[in-house]
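Visitor: Dropping the sequence and predicted coords here.
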Amino acid sequence: MSARAHDHYDLLIVGGGAAGLMCALTAGGRGRRVAVVEHANRVGKKILMSGGGRCNFTNTGTTPANYLSANPHYCKSALARYTPWHFIEMVDRHRIAWHEKELGQLFCDVSSKLIVKMLVDECEAVGVRILTSCAVERIGLDDDGRYRLATSQGVLRAPRLVVACGGLSIPSMGATGFGYELARQFGHEVLPTRAGLVPLTLSGKHLERMHGLSGLSLPVTASCNGQSFSNAMLVTHRGISGPAILQISSYWQPGDALHLDLLPGEDALDWLQRQQAARPAAELQTVLSDAMPRRFAQRLCEVWLPGRSGHRPMRQLDPPQLKAIAAVLSAWPLVASGTEGYRTAEVTLGGVDTDGLSSQTMESRQVPGLHFIGEVVDVTGWLGGYNFQWAWASGHAAGLAA
Ligand SMILES: Cc1cc2nc3c(=O)[nH]c(=O)nc-3n(C[C@H](O)[C@H](O)[C@H](O)COP(=O)(O)OP(=O)(O)OC[C@H]3O[C@@H](n4cnc5c(N)ncnc54)[C@H](O)[C@@H]3O)c2cc1C
C-alpha cells in the first residue's frame with residue numbers, strides 16, 4: 001500500500017523493532033493515528049532471532065543496576081512505570097506459553113515468532129499502519145511544526161516523530177546508523193558507540209595456547225572495571241565467549257585488565273589445600289579435571305602452571321607451589337586483544353546522549369515532538385532479557401506521551 005495520503009497521522013515511528021512496535025501499540029491504544037516505517041521487508045527481525053529463536057523477552061529481576069549508561073538514573077522512571085509484569089500480562093493474554101530459565105530470564109516455550117505476532121496483532125487492533133520495505137530518504141521539519149518523511153513509498157507528515165532505529169549490531173539484520181544521524185541532524189549529542197555483549201578475540205601466543213580447545217565450556221567468574229559475572233565461558237576458534245564473557249565484554253575495552261577466576265565461588269588456595277588433604281595420591285591434573293573439562297585442565301597444566309606440577313601427586317606440592325598454582329587458578333592470565341565487533345554483538349553501547357532527553361517521555365529537550373527510544377539511546381542492558389525490557393519500557397513511555 002502506498003503512503004501517499006500523508007497528513008492524517010499524529011505520530012510517525014521510524015523502526016519497527018521491539019521499541020517501535022511497543023510505542024505504536026501504546027499510542028494507538030490512546031487513539032493516536034500512528035504509522036510505523038520499517039526499511040526491512042518485515043518487522044521485528046531481531047526479536048525473531050533472539051534467544052536462539054525463543055526470545056528471552058524479559059527478566060523478572062530487572063533493576064536500573066542491570067543497565068550501562070553515562071547517566072545511570074535515566075532509565076529508572078520508564079522501567080518503574082512499565083515492569084516485566086506488564087509485559088508478561090500481555091504475553092499471557094495472547095496465550096503464549098513461556099518458561100523461566102536461570103536468573104529470572106523468561107523465554108517463549110515455542111517460538112519468538114509468537115512475540116512478533118502478538119505485537120503486530122496489538123498494533124492492528126488499534127489501527128496502527130505498518131509500512132515495510134519502506135526506506136526513509138530524508139527527514140525534515142516543516143514550517144507548521146510537522147515532521148516530513150520522504151520515503152520510498154511517498155511523503156508522510158505528522159507533528160510527532162519517534163526514532164526507534166536500534167543500534168549497529170548485526171548489520172545483516174537491517175541495523176544502520178540512521179538513528180544516530182537523525183539525532184545529530186536535530187542537534188543531539190551521540191556518545192561514542194561500541195559493540196557490547198560480544199565474544200572477545202585473542203591473538204598471538206594467547207590464541208596459539210588455546211588451539212584445539214574450541215567448544216569447551218567451563219564456569220568462571222569474569223571481572224573487569226569493578227564488575228563481575230559468574231557463569232559459563234566458552235572457548236571459540238577466535239577467542240572466548242559464553243554468558244560470563246558476553247556480560248563482561250560490555251565493561252571491557254582493549255587494554256583493560258580482564259580477570260578470570262577458574263574456580264568461581266572458591267578460595268583457590270583453600271580449595272587446593274582441601275584437595276591435598278583429601279586426595280594426597282591424586283595428580284594435580286586429575287584433581288583439576290573434577291572442576292573443569294579434562295582437556296582444559298591438561299592444557300592449563302602444560303602451559304600456565306609452574307614446572308611440571310600437573311603430573312605431581314598432590315602430596316608433593318609444597319606451600320609455595322600451591323600458592324603459585326592458586327594464583328593462576330584465581331587470576332588466569334589471559335589477555336584479550338579485541339571483540340568480534342558488530343557482526344556478532346547483541347547490542348550497541350553508547351548512542352543518543354540521555355542529557356538531551358526527558359526520562360519521563362523520551363522526548364528531546366530542544367526539539368519538541370521528537371522522541372528517541374530503545375537501543376539507539378545510551379542505555380544498554382546486561383544479557384538476559386534486560387535489553388527487551390528497556391525497549392518495551394522506553395517504547396511504552398514514549399507511546400503514552402507522543
Ligand atoms: C542475535 C541477538 C539476540 C538477542 N537476544 C536478545 C534476547 O534474547 N533478549 C534481549 O533482551 N535482548 C536480545 N537482544 C538485543 C535486542 O534484540 C535489542 O536490544 C532490541 O531489539 C532493541 O530494540 P529496538 O527496537 O531499539 O531495536 P531493533 O529491535 O533493532 O529495531 C530497530 C528497527 O529499526 C529498523 N531500521 C533501522 N534503520 C532504519 C531506517 N533507516 N529506516 C527504517 N527502519 C530502520 C531495523 O530494521 C529494525 O527493525 C539480541 C540481539 C541480537 C542481535
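Guide: Everything's here; your move. Residues are numbered from 1 along each chain as shown.
Visitor: ok, now which ones touch residue 201?
Guide: Counting by Cβ atoms under 8 Å, 6 or more residues apart in numbering, residue 201 makes contact with 207, 238, 239, 336, 337, 338, 339, 340. Every residue, glycine included, has its C-beta placed from N, CA and C.
Visitor: What is the three-state secondary structure of residue 299?
Guide: Classification of residue 299 using DSSP: H, G, I helix; E, B strand; the rest coil returns helix.
Visitor: So it versus the ligand, what's the distance?
Guide: 30 Å (Cβ to the nearest ligand atom, to the nearest Å).
Visitor: quick one, what contacts that residue?
Guide: By Cβ under 8 Å, 6+ apart, the neighbours of residue 299 are 209, 210, 213.
Visitor: Equivalent analysis for residue 253, please.
Guide: Residue 253 touches residue 194, counting by Cβ under 8 Å, 6+ apart.
Visitor: Looks to me like it is in a helix.
Guide: No: under three-state DSSP, residue 253 falls outside any helix and is assigned coil.
Visitor: could you flag which of the contacts of residue 299 are buried?
Guide: By neighbour count, with 16 or more other Cβ atoms under 10 Å, these hold 210, 213 as buried.
Visitor: Pick out whichever of the contacts of residue 299 sits closest to residue 360.
Guide: residue 210 (48.4 Å; Cβ to Cβ).
Visitor: Could you dump the contacts of residue 299 into TSV with secondary structure added?
Guide: Converted to TSV, those look like this (three-state DSSP):
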residue	secondary structure
209	coil
210	coil
213	coil
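Visitor: Now tabulate the contacts of residue 299 in CSV and tack on pLDDT.
Guide: Below are those laid out as CSV (pLDDT from 0 to 100):
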residue, pLDDT
209, 94
210, 96
213, 97
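Visitor: Could I get the contacts of residue 299 in CSV, plus columns for distance to residue 377?
Guide: Conversion of the contacts of residue 299 to CSV gives the following (distance: Cβ to Cβ, whole Å):
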residue, distance to residue 377
209, 40
210, 37
213, 39
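Visitor: Can you narrow the contacts of residue 299 down to the ones near the ligand?
Guide: Taking Cβ under 6 Å from any ligand atom as the test, the ligand is in contact with none of the contacts of residue 299.
Visitor: List phi and psi for the closest residue to the ligand within the chain.
Guide: As assessed by Cβ to the nearest ligand atom, the ligand sits closest to residue 17 within the chain, at 1.8 Å. Backbone geometry at residue 17, expressed as degrees, to the nearest 10, gives phi -100, psi -160.
Visitor: could you dump stretch 268-276 to CSV, C-alpha only?
Guide: What follows is stretch 268-276, C-alpha atoms only, in CSV (Å, rounded to 0.1, in the frame of the first residue of the first chain):
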residue,chain,number,x,y,z
ALA,A,268,41.7,-21.3,45.2
LEU,A,269,44.4,-21.9,47.8
ASP,A,270,41.9,-23.2,50.4
TRP,A,271,40.4,-25.5,47.7
LEU,A,272,43.8,-26.9,46.8
GLN,A,273,44.7,-27.5,50.4
ARG,A,274,41.5,-29.3,50.9
GLN,A,275,42.1,-31.4,47.8
GLN,A,276,45.6,-32.2,49.0
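Visitor: Relative to the whole chain's centre, how far out is that stretch?
Guide: 37 Å (Cα atoms, centre = their mean, to the nearest Å).
Visitor: for residue 295, what are its contacts?
Guide: So residue 295 contacts 212, 213, 216 (Cβ under 8 Å, 6+ apart).
Visitor: Can you name the residues of the stretch 201-350 of the chain that neighbour the ligand?
Guide: 346, 347.
Visitor: where exactly do the strands run in the stretch 201-350 of the chain?
Guide: 217-224, 227-235, 239-241, 259-261, 338-339, 347-352 (DSSP state E, counting those that start in this stretch).
Visitor: which strands and helices sit next to the third one?
Guide: Contacting strand 239-241 under the criterion 3 or more Cβ pairs under 8 Å, 6 or more residues apart in numbering; DSSP states H and E are the following elements: strand 200-201, strand 227-235.
Visitor: want to try JSON lines for those, with distance to residue 85 and mean pLDDT as columns?
Guide: JSON lines is the format used below for these (distance: least, Cβ to Cβ, whole Å; pLDDT from 0 to 100):
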{"stretch": "strand 200-201", "distance to residue 85": "35", "mean pLDDT": "98"}
{"stretch": "strand 227-235", "distance to residue 85": "25", "mean pLDDT": "97"}
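Visitor: Apart from its chain neighbours, what residue comes closest to residue 174?
Guide: In space, and not counting its chain neighbours, residue 174 is closest to residue 40: 4.0 Å by Cβ to Cβ, 6 or more residues apart in numbering.
Visitor: Kindly provide the distance from the one you found to residue 13.
Guide: 14 Å (Cβ to Cβ, to the nearest Å).
Visitor: neighbour count winner among those two?
Guide: Neighbour tally, residue 40 and residue 13, criterion other Cβ atoms under 10 Å: the higher count belongs to residue 13, 34 against 18.
Visitor: Please give me every residue in contact with the more buried one.
Guide: 20, 23, 24, 34, 35, 36, 37, 161, 162, 164.
Visitor: so which strand or helix has the first one?
Guide: Taking DSSP states H and E as the criterion, the element that holds residue 20 is helix 18-29.
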